[in-house]
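Participant: Got a predicted model here, sequence first, then my questions.
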Amino acid sequence: MRAVEFQEYGGPEVLEVVQDHTPEPGPGQVTIDVAYAGVNFADLKARAEGYRVPSLPFRPGLEVSGRIRATGHGVEELRPGQEVAALVASGAYAEVVVAQAATVFSLPEGLDLRTAATLPTVLPTAHALLHEVGRLQAGGTVLVHGAAGGVGTVAGQLARAAGAGAVYGVVSSTAKAEHALKHGYDEVFTADSFSDDVFRATGGRGVDLVLDPVGGDTLRRGLDTLAVFGRLVSFGNASGAEPWHVGQPELYARGHSAAGFSILALAQSAPEALRSLAERAFRKVTDGTVRLPVTAEFPLSDAAEAHRLMGGRTSTGKLLLRVAE
């Protein structure tokens, strides 16, 4: 089978197509003939700096859609030929991938494989950020960093559907603002001035919920934009900054709270909670609440080009690799 991996850290050019044996599932696992694989920023961090890479060579990729090829011992709820979407720890850039059955999801009726590949990481993450972790209430105001990306595109729509009083987005450039405004956002700010823009838009009050995948100074500034009793949820560190710890001095004065979320960590620590979350989130696609546009699609052999596009910070929506011929 074909797969894409890297043997050293570096730019997109270190990604190479290789031939490998077709894997077999172990107990509690399935193998999937991959139709599409999602491209995520975590894949770029793995390639560039070894994020979540235990050893080299390494095959990136966290999510796929496709058909069950074979099932391992103890797997009863899945069957060969069944169309599924799956979250995997790594290895999605391949024609056949091994997945733990606990993180393989049957597709709701009417959901095609191309759309399904956009869902495993983005949709449950956005749902958890707003509801399970962020605890958004009707009428509450939300600020979402990375508003034009995959999670941001979904979060804007989910917040709007949940009855948010106002939904504000932050993007890295004005070129991305138009995309975000089509997906639930009332106003979109740029990263350099978002703090001032939030207070202008809210009459000095601040927002009730901030969702932040950037970290570093952006996280600090986001905490400062919270209204009284506001909540910040961190779900990434795209900035690569040193981890920052928030404590009593920052939280006590205005009753702020801070929380975090990682879908990959949840998959390891509480797979049944992830399954329940994914089922709730996927329904938002099938009932028409959410639309996640695929803005670029590349063949598996052009994975490096997908990384260049996402790494250039000009991409919006969701990027996919087309794996099946």
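Facilitator: Yep, it's here. Everything numeric here is computed off the predicted structure, so don't read it as measured data.

Participant: With only the CA atoms kept, save whatever helix or strand residue 168 lives in in PDB.
Facilitator: Using DSSP states H and E, residue 168 maps to strand 166-171. Taking Å, rounded to 0.1, in the frame of the first residue of the first chain, the C-alpha atoms of strand 166-171 are listed here in PDB:
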ATOM      1  CA  ALA A 166     -23.100  37.700  19.600                       C
ATOM      2  CA  VAL A 167     -20.400  35.700  18.000                       C
ATOM      3  CA  TYR A 168     -17.000  37.400  17.300                       C
ATOM      4  CA  GLY A 169     -14.100  35.900  15.400                       C
ATOM      5  CA  VAL A 170     -10.400  36.500  15.200                       C
ATOM      6  CA  VAL A 171      -8.400  35.800  12.100                       C
END
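
Participant: In terms of secondary structure, what does that strand contact?
Facilitator: Other elements packing on strand 166-171 under the criterion 3 or more CB pairs under 8 Å, 6 or more residues apart in numbering; DSSP states H and E are strand 141-145, helix 150-161, helix 177-181, strand 187-190, helix 194-201. (Glycine included, C-beta is placed from N, CA and C.)

Participant: Pairing partners for that strand, with directions?
Facilitator: strand 141-145 (parallel), strand 187-190 (parallel) (DSSP bridges).

Participant: Point out the most buried one among these.
Facilitator: Compared across the strands paired with strand 166-171, strand 141-145 shows the largest average neighbour count, a mean of 28 (mean count of other CB atoms under 10 Å).

Participant: so how far is residue 69 from residue 251?
Facilitator: Using CB to CB, to the nearest Å, we find residue 251 at a distance of 49 Å from residue 69.

Participant: So between these two, which is more surrounded?
Facilitator: residue 69 (20 against 15; other CB atoms under 10 Å).

Participant: three-state assignment of the closest residue in space to the more buried one that isn't next to it in sequence?
Facilitator: Nearest residue to residue 69, sequence neighbours excluded (CB to CB, 6 or more residues apart in numbering): residue 31, at 4.3 Å. Secondary structure, DSSP: H, G, I helix; E, B strand; the rest coil: residue 31 is strand.

Participant: residues in contact with residue 31?
Facilitator: Residue 31 makes contacts with 22-25, 68-70, 96-99, as judged by CB atoms under 8 Å, 6 or more residues apart in numbering.

Participant: The stretch 201-325 of the chain: helices as residue ranges?
Facilitator: Here the stretch 201-325 of the chain has its helices, by DSSP state H, counting those that start in this stretch, at 216-224, 248-251, 263-269, 271-286, 303-311.

Participant: Going through the contacts of residue 31, which ones are buried?
Facilitator: 23, 25, 68-70, 96-99 (16 or more other CB atoms under 10 Å).

Participant: a markdown table for the strands paired with strand 166-171, including mean pLDDT?
Facilitator: A markdown table is the format used below for the strands paired with strand 166-171 (pLDDT from 0 to 100):
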| stretch | mean pLDDT |
| --- | --- |
| strand 141-145 | 98 |
| strand 187-190 | 96 |
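
Participant: Which residues does the strand holding residue 168 contact?
Facilitator: Identification of contacts with strand 166-171 by CB under 8 Å, 6+ apart yields 141-148, 152, 156, 159-160, 177, 180-181, 184-191, 194, 197-198, 201-202, 207.

Participant: With stretch 39-48 instead?
Facilitator: Here stretch 39-48 makes contact (CB under 8 Å, 6+ apart) with 6, 9-12, 14-15, 51-53, 58, 60-63, 90, 93, 121, 149-150, 213, 236, 238, 240, 264, 303, 306-307, 310-311, 318-321.

Participant: Sketch out the low-pLDDT regions of the stretch 151-300 of the chain for me.
Facilitator: By pLDDT under 70, the stretch 151-300 of the chain has no low-scoring segment.

Participant: Centroid-nearest residue for the protein?
Facilitator: In the chain, the residue lying closest to the centroid (CA atoms, centre = their mean) is residue 122, at 3.5 Å.

Participant: check contacts around it.
Facilitator: Counting by CB under 8 Å, 6+ apart, residue 122 has contacts 38, 150-151, 153-154, 292, 318.

Participant: mind putting those residues in JSON lines, distance to residue 218 and neighbour count included?
Facilitator: Formatted as JSON lines, these follow (distance: CB to CB, whole Å; neighbours: other CB atoms under 10 Å):
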{"residue": "38", "distance to residue 218": "24", "neighbour count": "26"}
{"residue": "150", "distance to residue 218": "18", "neighbour count": "29"}
{"residue": "151", "distance to residue 218": "15", "neighbour count": "26"}
{"residue": "153", "distance to residue 218": "19", "neighbour count": "30"}
{"residue": "154", "distance to residue 218": "20", "neighbour count": "32"}
{"residue": "292", "distance to residue 218": "24", "neighbour count": "21"}
{"residue": "318", "distance to residue 218": "22", "neighbour count": "25"}
